[in-house]
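# sequence and predicted model, in that order:
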Amino acid sequence: MKVYKKYFLLALAFYLPGISWACSVCQGGYTPKQVNAYLITTGLLASMPIIMAGLIFYWIYKRYK
């Protein structure tokens, strides 16, 4: 069974190179939809530590109030 998985992944890598266009590092095949998705995801991931820290401080404040 493992041999078939290896051959399947090898065939997938050679026959479907278009999938790699979705990678933000590959710099290929950008559509406006993809650009918006990258910008929204970047904004979400950049704001997440600030939001998490704020929620933790708020939780501590409410707990010891």
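Received it, and whenever you're ready, just let me know what you need.

# distance of the residue nearest the centre of the chain from Val35?
In the chain, the residue lying closest to the centroid (Cα atoms, centre = their mean) is Thr41, at 7.1 Å. Distance, Thr41 to Val35, by Cβ to Cβ, to the nearest Å: 11 Å. Yep, even glycine has a C-beta here, placed from its N, CA and C like the rest.

# name the element Leu44 belongs to?
helix 32-63 (DSSP states H and E).

# what's the average pLDDT for the host helix or strand of Phe14?
Per DSSP H and E: Phe14 is located in helix 2-15. Per-region confidence: helix 2-15 scores 75 on mean pLDDT.

# quick one: that helix to chain centroid distance?
Relative to the centre of its chain, helix 2-15 is centred 24 Å away, using Cα atoms, centre = their mean, to the nearest Å.

# ok, now stretch 55-65?
With Cα atoms, centre = their mean, you get 30 Å for stretch 55-65.
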